[in-house]
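Asks: Fold the following and give me the result.
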Amino acid sequence: MIKGRMAVAAMSWIGLVAAVAGLMAWGMLGRGAVAHAQEAERVTPIKAPGTPLPDEAASAGVKKFSFIAYGDTRGRRDGTAIQYEHSLIVDSMLAQIKKLQSTEYPVRFVLQSGDAVQHGQNAKEWNVSFTPLIDRLTTEGNVPYFLAPGNHDVSSATTVDAPERGPALKNYLEAVSELIPRDGSAHRMAGYPSYTFGYGNTFVLGFDADIAGDEKQFAWVKAQLAGVDRGRYRNIIVFCHQAPFSSGPHGGAKVEEPTVELRNKYMPVFQANHVRAVFSGHEHLFEHWVEHYTDASGVHRMDLVVSGGGGAPIYAYTGEPDLDAYLKANEASKVKLEHLVKPGVERGLNPYHYLIVKVDGEKLEMQVVSVDWGTGFQPYRTNQVTLGDE
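Replies: Residues are numbered from 1 along each chain as shown. Below is the predicted model:
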């Protein structure tokens with residue numbers, strides 16, 4: 001009798017152990033399944049506009065139009081909610097696109113200089129917080145949208161083969177897969193998020209300034225600019241994330257590696273090819289630099305505009321950068337730099353904003369459009385300026 005009871009107890013114990021083991025295994029498998037599902041989430045591509053940019057030949061005679069430029073839209077709630085501050089920007093853009101549609105200067109494309117989201121390796125941040133807003137621009141606004149990668153989008157790695165760069169770059173490329181030139185096309189650098197396009201009399205180049213030291217990309221950028229048909233393309237526009245000159249927390253006395261490369265390598269190439277304007281972000285504020293330089297054809301002007309007020313936490317002025325080495329290296333070109341607009345010393349003086357650039361032949365006029373509490377921002381005593389010497 002005792003033996004029978006002992007046998008039953010043993011069998012009960014064995015059953016209990018098996019049950020607990022099963023529950024633990026199920027829990028582990030369950031957690032594994034959830035983790036796998038999270039890992040498997042992919043970035044949903046931003047929708048292409050119903051009316052994409054026409055073939056270059058089809059727009060050859062266009063000399064009047066507008067485009068929008070801005071940057072740094074990452075938000076505090078990326079991955080959980082729509083980027084609220086960015087949504088205010090998008091609302092305003094859509095109103096301006098509608099307003100300009102029936103004028104001589106319809107908006108033909110939007111340039112975003114990077115840092116779309118806080119953590120580019122997180123697919124949810126793209127899908128939940130960023131992509132739905134850009135879908136509004138491409139569908140309701142029916143405008144093409146071009147995004148350059150920022151350090152938050154593809155990591156702060158400064159080399160193309162850094163392991164942390166891969167997953168984030170993959171997400172970025174999936175997000176813009178319907179928007180930028182296809183990999184392997186004549187307008188795209190193979191394997192890189194760097195590309196060009198032309199519309200009307202304007203040629204646009206976007207590249208990855210996070211890896212400005214990469215020799216392959218630099219050679220590609222040089223070749224692209226050197227090959228521009230200057231008979232047709234009177235205006236060359238460049239956009240990228242980091243700026244050659246800035247005075248926020250990424251600039252001033254601090255000189256980051258991409259900035260060094262931009263100054264030492266890219267700026268001489270931009271001068272040699274008479275780039276009209278460079279639009280950057282990285283600093284969450286607005287500032288405007290003007291460079292004059294001289295070559296065999298005369299004196300030229302390049303406007304360098306930092307527009308990082310797309311919704312990311314606002315920055316403030318920290319001080320002027322030391323430009324002595326840059327000016328010394330460019331003495332032969334008689335380079336002169338003017339800090340035309342400095343950002344405010346308090347964050348409350350630097351509003352969320354974007355830019356509308358009107359192209360009229362070789363004349364470029366820029367308007368700074370601010371939103372929310374910053375409405376009425378007038379960095380030039382008005383909110384408009386001509387990008388050129390009159």
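
Asks: hey, where'd the helices end up in the stretch 201-350 of the chain?
Replies: 215-226, 257-261, 267-272, 324-329 (DSSP state H, counting those that start in this stretch).

Asks: Out of those, flag the one nearest Ala48.
Replies: Closest to Ala48 of the helices of the stretch 201-350 of the chain is helix 215-226 (Cβ to Cβ; 23.3 Å). All C-beta spots, glycine's among them, are computed from the backbone N, C-alpha and C.

Asks: Can I get that closest one in CSV? Just the C-alpha atoms.
Replies: This file holds the C-alpha atoms of helix 215-226, laid out as CSV (Å, rounded to 0.1, in the frame of the first residue of the first chain):
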residue,chain,number,x,y,z
GLU,A,215,37.3,58.2,-50.8
LYS,A,216,34.9,56.3,-53.1
GLN,A,217,32.0,58.6,-52.4
PHE,A,218,34.2,61.7,-52.7
ALA,A,219,35.4,60.5,-56.2
TRP,A,220,31.8,59.9,-57.2
VAL,A,221,30.7,63.4,-56.1
LYS,A,222,33.6,65.0,-58.0
ALA,A,223,32.8,63.1,-61.1
GLN,A,224,29.1,63.9,-60.9
LEU,A,225,29.8,67.7,-60.5
ALA,A,226,32.4,67.7,-63.2
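
Asks: list the helices and strands that helix packs on?
Replies: For helix 215-226, the packing partners by 3 or more Cβ pairs under 8 Å, 6 or more residues apart in numbering; DSSP states H and E come out as strand 202-206, helix 267-272.

Asks: Columns mean pLDDT on top of these, output as CSV?
Replies: Listed next are those as CSV, based on pLDDT from 0 to 100:
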stretch, mean pLDDT
strand 202-206, 98
helix 267-272, 98
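
Asks: most packed of these?
Replies: strand 202-206 (a mean of 24; mean count of other Cβ atoms under 10 Å).

Asks: Turn the helices of the stretch 201-350 of the chain into TSV, including distance to Ile356.
Replies: Formatted as TSV, those follow (distance: least, Cβ to Cβ, whole Å):
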stretch	distance to Ile356
helix 215-226	25
helix 257-261	27
helix 267-272	23
helix 324-329	30
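
Asks: Wait, a strand at Met366?
Replies: Yes. Residue state for Met366 (DSSP: H, G, I helix; E, B strand; the rest coil) corresponds to a strand.

Asks: List the contacts of it.
Replies: 303, 305, 355-358, 384-387 (Cβ atoms under 8 Å, 6 or more residues apart in numbering).

Asks: which one among these gets closest to Asp55?
Replies: Taking Cβ to Cβ as the measure, Asp55 lies nearest Val357 of the contacts of Met366, at 22.5 Å.

Asks: now the closest one, what's its secondary structure?
Replies: On the basis of three-state DSSP, Val357 is classed as strand.

Asks: Go ahead and flag the most central residue of this structure.
Replies: Gly114 (1.8 Å; Cα atoms, centre = their mean).

Asks: Could you find the closest non-adjacent residue to that residue?
Replies: Gly150 (2.7 Å; Cβ to Cβ, 6 or more residues apart in numbering).

Asks: surely that neighbour meets Gln118?
Replies: No. Counting by Cβ atoms under 8 Å, Gly150 stays clear of Gln118, with 10.5 Å between them.

Asks: Between those two, which is the more surrounded one?
Replies: Gly150 (32 against 20; other Cβ atoms under 10 Å).

Asks: Which parts of the protein are strands?
Replies: 64-70, 107-112, 145-147, 195-199, 202-206, 235-239, 277-280, 286-295, 298-307, 336-341, 353-360, 363-370, 384-386 (DSSP state E).

Asks: hey, which of those strands is tucked in deepest?
Replies: Counting by mean count of other Cβ under 10 Å, the most buried of the strands of the chain turns out to be strand 277-280, with a mean of 26.

Asks: Restrict that strand to CA atoms and write it as CSV.
Replies: Taking C-alpha atoms only, strand 277-280 is exported to CSV below (Å, rounded to 0.1, in the frame of the first residue of the first chain):
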residue,chain,number,x,y,z
ALA,A,277,23.9,76.7,-52.6
VAL,A,278,24.5,74.0,-49.9
PHE,A,279,21.6,73.1,-47.6
SER,A,280,22.4,71.2,-44.4
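
Asks: strands paired with it, and their directions?
Replies: strand 235-239 (parallel), strand 298-307 (parallel) (DSSP bridges).

Asks: got any ranges where this structure has weak pLDDT?
Replies: 1-40 (pLDDT under 70).

Asks: Now with 80, please.
Replies: 1-40, 390 (pLDDT under 80).
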